[in-house]
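Trainee: Give me a 3D structure for the following:
(2 chains)
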Protein chains: 2
Amino acid sequence: MVSGPSGVGKSSIIDRLARRRRFRFSVSVTTRSPRPGERDGVDYVFSDRETFMSLVAEDALLEWAEFGGNLYGTPRRPVEEWLAAGDDVLLDIEIDGARQIRDTFPTALFLFIAPPGLEELRRRLQGRGDTSEGDIRLRLERARRDLASAPEVFDVLVVNRDLERAVDLVDAVIGCDGRVVDSR
Amino acid sequence: MVSGPSGVGKSSIIDRLARRRRFRFSVSVTTRSPRPGERDGVDYVFSDRETFMSLVAEDALLEWAEFGGNLYGTPRRPVEEWLAAGDDVLLDIEIDGARQIRDTFPTALFLFIAPPGLEELRRRLQGRGDTSEGDIRLRLERARRDLASAPEVFDVLVVNRDLERAVDLVDAVIGCDGRVVDSR
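Mentor: You can find the predicted model right below:
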């Protein structure tokens, strides 16, 4: 389970990790609108709110959470099938979602990607150029809160000061020779 | 470099790690009084303030910091000799000391042991039975501060929720097959 604040470089780390390791990557369902270039069923499964809430009602989501006014969730069935087949599975989830599934997956590794500091995170968010100043403030405040409570939910926090270095550390902590460290 | 707040279980983790890996463990110099059972030259090198400050003046300490009214430092020479001989070296240092030597040892792994929460840390400190209520408050306040700034100084934070689990994670992050993850 990988989590971390918006702008921390989580997607880049996961992309690099995918070049080194084989794992199944869960595609989240979301009610937010697709950004340019995002493909339905690949980056996200895009859904309206009513459909999303019917998935919740059917218990078809492993976890779900609201973030920035949109809903995000993890479809249950593919994850359960992959695990049953013995595959490694990586979920990219919010801290609230991680809290919900800690008990469901007691042997999973819960990993939080942290920025070296909130000022550095602000620079990265501003550098992306697609986020308003008000939105950056909201994300920073949320990052501050998530960082403070991360040790309650996660096993390890890896600081993304340098991308290659962070990938090395995530790779190491997942375990040697494809062996995922067992958290029981 | 291993750091972490008072009461987090850092010494227990280091002891367990020493059963799995070979490394040199630096003995710190301190001006605090020995506790019952502590041996000079083994647990600490006990020193008066004047001697300590002369070590500082001679640049004989790699790093030093004040904590709880006492001075703590790492003798430079043994560490440099071990590293020159190709040995792995573990230093148990305060966050202020870690800040001082980040640039001196750019390839070292900087590891912070975090409690699952400050309430849990309070329980552990109270459980030790050797710390006054006022002292516990001071240590908790310092832990809160250190935790908030840890990502500025450290590469990885390992949460000590369960001792064996934390040792597994520290062992994994140090690297496979005795290979210390290189942070360049």
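Trainee: can we go C-alpha only for contacts and neighbour counts from here?
Mentor: Noted.
Trainee: quick one: stretch A:147-158 near chain B?
Mentor: Yes: interface with chain B: stretch A:147-158 contributes A:L147, A:A148, A:S149, A:P151, A:E152, A:V153, A:F154, A:D155, A:V156, A:L157, A:V158 (CA under 8 Å from any CA of the partner chain).
Trainee: again, but for stretch A:116-129
Mentor: Yes: on the criterion CA under 8 Å from any CA, stretch A:116-129 is in touch with chain B at A:P116, A:G117.
Trainee: ok, residues contacting that stretch?
Mentor: Residues from elsewhere that reach stretch A:116-129, judged by CA atoms under 8 Å, 6 or more residues apart in numbering or on different chains: A:6-8, A:115, A:131, A:133, A:136, A:140, A:143-144, A:159-161, B:149, B:151-153.
Trainee: And the helices in chain A, which stretches?
Mentor: With DSSP state H, the ranges of helices along chain A come out as A:10-20, A:49-57, A:76-84, A:95-101, A:118-128, A:133-153, A:163-174.
Trainee: Let me have those in a markdown table, extended by mean pLDDT.
Mentor: Shown next, in a markdown table, are the helices of chain A (pLDDT from 0 to 100):
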| stretch | mean pLDDT |
| --- | --- |
| helix A:10-20 | 92 |
| helix A:49-57 | 97 |
| helix A:76-84 | 95 |
| helix A:95-101 | 91 |
| helix A:118-128 | 90 |
| helix A:133-153 | 93 |
| helix A:163-174 | 92 |
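Trainee: Let's have these in CSV, adding mean neighbour count and distance to B:R99.
Mentor: CSV is the format used below for the helices of chain A (neighbours: other CA atoms under 10 Å in any protein chain shown; distance: least, CA to CA, whole Å):
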stretch, mean neighbour count, distance to B:R99
helix A:10-20, 15, 25
helix A:49-57, 14, 47
helix A:76-84, 14, 42
helix A:95-101, 19, 29
helix A:118-128, 16, 17
helix A:133-153, 17, 20
helix A:163-174, 22, 19
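Trainee: Quick one: those as CSV, columns for distance to B:E81 too.
Mentor: Listed next are the helices of chain A as CSV, based on distance: least, CA to CA, whole Å:
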stretch, distance to B:E81
helix A:10-20, 36
helix A:49-57, 61
helix A:76-84, 48
helix A:95-101, 44
helix A:118-128, 36
helix A:133-153, 36
helix A:163-174, 27
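Trainee: and of those, who's closest to B:P75?
Mentor: If you check each of those against B:P75 by CA to CA, helix A:163-174 wins as the nearest, at 28.6 Å.
Trainee: Briefly note if the closest one comes near chain B.
Mentor: Yes: applying CA under 8 Å from any CA, one finds that helix A:163-174 is in contact with chain B at A:R165, A:D168, A:L169, A:A172, A:V173, A:I174.
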